[in-house]
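Engineer: Okay, sequence plus prediction incoming.
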Amino acid sequence: MALGAAVCLAAALLYTSFSAASEAAKPSELRPGKSYEVTGKVVDGSIHRSGDQLDFRIRDRDGTASVPVTYAGTVPDPFRDGREVIVKGELHDGTLVGERDSLVTKCPSKFTKSS
């Protein structure tokens, strides 16, 4: 009986681990009415602050699509133009409305391609 309970517990843990590990969406993949974790690069010159609100645009890595973001909450120190970020939110009227305190900047790669 204990072995059966342990197997069921292990299966539940594995299911939870894999279902929670979803890849972040790109701006070009967003659709209204669904919550997303979005990754992209901050578009140069798009950052505007007004009180507690931060507005900016993020684009796909290949630069083909971008989406405006409205965000309130903690802003990481390394946040700036061109930095890759992840923000959780939902698309409303074409703008990603970020969840409070969900903005994360990704660390730049230690390695760059040499040309």
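Structural biologist: Received it, and whenever you're ready, just let me know what you need. Numbering: from 1, shown residues only.

Engineer: Run through the strands of the chain in chain order.
Structural biologist: Using DSSP state E, the strands of the chain run over residues 35-42, 48-50, 53-59, 66-72, 84-92, 95-98, 104-105.

Engineer: could those go into a markdown table alongside distance to P78?
Structural biologist: C-betas here are computed from N, CA, C, even on glycine. A markdown table is the format used below for those (distance: least, C-beta to C-beta, whole Å):
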| stretch | distance to P78 |
| --- | --- |
| strand 35-42 | 11 |
| strand 48-50 | 16 |
| strand 53-59 | 14 |
| strand 66-72 | 15 |
| strand 84-92 | 9 |
| strand 95-98 | 17 |
| strand 104-105 | 5 |
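
Engineer: Now render those strands as CSV, adding mean pLDDT and mean neighbour count.
Structural biologist: Formatted as CSV, the strands of the chain follow (pLDDT from 0 to 100; neighbours: other C-beta atoms under 10 Å):
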stretch, mean pLDDT, mean neighbour count
strand 35-42, 94, 19
strand 48-50, 94, 9
strand 53-59, 96, 18
strand 66-72, 96, 19
strand 84-92, 95, 18
strand 95-98, 95, 18
strand 104-105, 94, 16
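
Engineer: between those, which gets nearest to K26?
Structural biologist: Smallest distance to K26 across the strands of the chain (C-beta to C-beta): 6.3 Å, for strand 35-42.

Engineer: Give me the distance from the closest one to the chain's centre.
Structural biologist: Mean-position distance between strand 35-42 and its chain equals 3 Å (C-alpha atoms, centre = their mean, to the nearest Å).

Engineer: Just want the angle from that strand to strand 84-92.
Structural biologist: Here strand 35-42 points in a direction 130 degrees away from that of strand 84-92 (axes from the mean of the first three to the mean of the last three C-alpha atoms, to 10 degrees).

Engineer: who does strand 35-42 touch, helix- and strand-wise?
Structural biologist: Contact here means 3 or more C-beta pairs under 8 Å, 6 or more residues apart in numbering; DSSP states H and E; on that basis strand 35-42 packs against strand 53-59, strand 66-72, strand 84-92.

Engineer: CSV please, covering the ones you listed and showing distance to G40.
Structural biologist: Putting the helices and strands packed on strand 35-42 into CSV (distance: least, C-beta to C-beta, whole Å) gives the following:
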stretch, distance to G40
strand 53-59, 3
strand 66-72, 7
strand 84-92, 7
